[in-house]
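> Need a 3D model of the following:
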Amino acid sequence: MKPSSLRAALCVLSALASPVAFAWGSTYSIPLFESRMTAARASGSTGGTTVIRSEMKTALESFLSSDDGQTDAAEYTYLAGKVASPTFLTGIDTSARDYLFRYHELNDGAATTSPLDVASPAQTPAQIFGASGRLASNAWIQEGGMLGDEGVANQTTLMWTYYGYFGPQPSTFAPVTYAELSAKLGSTIFGQAPSAAEVNGALAWLSAHAGTGARYYVASWHDSYGRTGPGDIGGYVVASVNNTRDSVRYIEVMTWSD
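Numbers count the residues shown, from 1 in each chain. Below you'll find the model as predicted:
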């Protein structure tokens, strides 16, 4: 078995072995989600009686950072009912609905990862972006697809593939718009902004892969062992997933170190 395939197999085993005994689960998260949605629909909320994207994000965090960090099968099934309910969707604006739909697709309750195999492309980040600078010099790129055409790039697969091939364990991935992706790629790296040419090149590479589905995801990462030497390092990772959800492009960016 080649090293990359071995790492993928180890990711599967790690996902299977991940602790779930301490999960609070749906008995806690669903009532919290409902209370946050009720608050978001109140006239005195940020969006008034209309639920806006930021309020939907906060409500859906009931299943992640406010709970056990993962959307399990029971929570996914509950959200499936909401996604399909015209009554529930009434009063939720277009952008908030989009976030809900994309969240539900990504966080499908699967407990095991699909066999996604990625590797570094032959070109350097600067060659891929068509420009050099802060972004290119601090980026690590990997891309690939499913082995044997099995599975899709869901939350579990994106997280464990990143962990298996890049090293650090990331936060959960969150759906972002093209504009939000652009803002993330344009954010400061070691205190300085990357060039517009680098950002535009990275966006072009990611969007060419994502296609019309525009599946873009962002997570943060932190390596306390210091991949580049003693001390903590960290940053963010972006991923674009193709229309059939069987291929992924990752760009990891280191933005700080101690």
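
> Please tell me how far the residue nearest the centre of the chain sits from H222.
Compute the mean C-alpha point of the chain, and by C-alpha atoms, centre = their mean the closest residue is F173, 2.1 Å away. F173 is 15 Å from H222, where distance means C-beta to C-beta, to the nearest Å. To be clear about C-beta, it is placed using only N, CA and C from the backbone, and glycine gets the same treatment.

> hmm, back to that, torsion angles phi and psi at the residue nearest to the centre of the chain?
phi -80, psi 140 (degrees, to the nearest 10).

> list the helices and strands the host helix or strand of P31 packs on?
Secondary structure assignment for P31, by DSSP states H and E: helix 26-41. Here helix 26-41 touches helix 53-60, helix 73-83, going by 3 or more C-beta pairs under 8 Å, 6 or more residues apart in numbering; DSSP states H and E.

> What are the boundaries of the strands in the stretch 101-250 of the chain?
Using DSSP state E, counting those that start in this stretch, the strands of the stretch 101-250 of the chain run over 116-119, 139-146, 174-176, 215-223, 233-241, 247-257.

> and the angle from the fourth one to strand 247-257?
So that's strand 215-223. Strand 215-223 and strand 247-257 are oriented at 40 degrees to each other (axes from the mean of the first three to the mean of the last three C-alpha atoms, to 10 degrees).

> Tell me which residues of strand 215-223 come out buried.
Using 16 or more other C-beta atoms under 10 Å as the test for burial, strand 215-223 gives 215-219, 221, 223.

> Now stretch 149-166: buried residues?
For stretch 149-166, by 16+ other C-beta under 10 Å, it's 151-166.
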